[in-house]
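> Return a 3D structure for these sequence lines:
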Amino acid sequence: MNGSERTANTIRQRRSLVIRRDDHVGDPIGLAFLESPETHGDAVMERLEKYLGIQLKVIKAEVSRDEITVEIEARVWREEGTRMAGAARDLYDKGGRRAALSMYRDALELDPMNAAALLGMGLALAEQEKFADALATFKRAREFGAGGAEILLAMGNAAARLERKASAIGYYEQLLQIEPRNFVARRALRALSPAAESPPPSAINAIHSKKD
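Numbering: from 1, shown residues only. Below is the predicted model:
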């Protein structure tokens, strides 16, 4: 976060996020990497604004070969969003999966930059086997700061269930770079070999067990 201006219970928050090329192969944001900011600057900004949504104001963007660094600004209810995301996680852990998903959405209405709410919503979507929506949400969560083995495993699982083999392998390999002994990722990579007949099973429950 670069700065904030408090008004009533809201915060005018400005921060930077990183959009990775590998996460957006073949989609409109991926096309932004092919457009020169000098000659197609308006088109790049338009793609970013559409991707990030009306709650987030794009201030500027810097495009490199592999990443787009975007400076954004939004009016957020950060404390309220954090409390709502925490309550949603508690509800999820107690078995209220569908209600938790609704609460995560409410948390993101309060603070669209809340990485924990995005990650939790992605896990809830994956459990409902809405893998395309889950993967898109995981990507957004990572762009807003979610990191570590949990997010990479979740992304790998969702990509595998969508039969996006190359993406799944990439996420599992990134996970093994930070946790070489992660046997869930190792088994998943073996299952994605040419001899495998089906994608690896979801490890969403294992993720939560490990976190607890």
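> Can you report phi and psi for K94?
Main-chain torsions, K94, degrees, to the nearest 10: phi -90, psi 0.
> Distance of it relative to A107?
Separation of K94 from A107 (C-beta to C-beta, to the nearest Å) stands at 17 Å. In this view, the C-beta of every residue, glycine as well, is placed from N, C-alpha and C.
> With neighbour numbers in mind, choose between the two.
In this view K94 and A107 are compared by other C-beta atoms under 10 Å, and A107 has more residues nearby, 27 against 10.
> which SSE is the more buried one in?
helix 97-110 (DSSP states H and E).
> do the same with A160
Following DSSP H and E, one finds A160 within helix 149-161.
> immediately after that helix, which helix or strand?
Counting by DSSP H and E, the next helix or strand C-terminal to helix 149-161 is helix 165-178.
> For stretch 69-77, what is the distance to the chain centroid?
16 Å (C-alpha atoms, centre = their mean, to the nearest Å).
> quick one: buried residues of it?
Buried positions in stretch 69-77, judged by neighbour count with 16 or more other C-beta atoms under 10 Å: V70, I72, E73, A74, V76, W77.
> what about dumping the CA coordinates of that stretch to CSV?
Presented in CSV, the C-alpha positions along stretch 69-77 are these (Å, rounded to 0.1, in the frame of the first residue of the first chain):
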residue,chain,number,x,y,z
THR,A,69,2.5,-4.1,-12.5
VAL,A,70,-0.7,-2.1,-11.9
GLU,A,71,-1.2,0.7,-9.5
ILE,A,72,-4.9,0.8,-8.3
GLU,A,73,-7.0,2.8,-5.9
ALA,A,74,-10.3,2.0,-4.2
ARG,A,75,-12.5,3.1,-1.4
VAL,A,76,-12.7,0.2,1.0
TRP,A,77,-14.1,-0.8,4.4
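> average pLDDT for it?
The pLDDT scores in stretch 69-77 average 95.
> And stretch 29-43, by the same measure?
Taken as a whole, stretch 29-43 has an average pLDDT of 78.
> Now do the strands in this structure.
Using DSSP state E, the strands of the chain run over residues 3-7, 10-20, 57-63, 67-76.
> For the residue lying closest to G30 once chain neighbours are set aside, list the residues it contacts.
If the residues on either side of it in the chain are set aside, G30 comes closest to H24, at 4.0 Å by C-beta to C-beta, 6 or more residues apart in numbering. When contacts are counted by C-beta atoms under 8 Å, 6 or more residues apart in numbering, H24 touches G30, F33, K139.
> can I assume the last one is in contact with A154?
The reference is to K139. No. When contacts are counted by C-beta atoms under 8 Å, K139 is not listed as touching A154 (10.6 Å).
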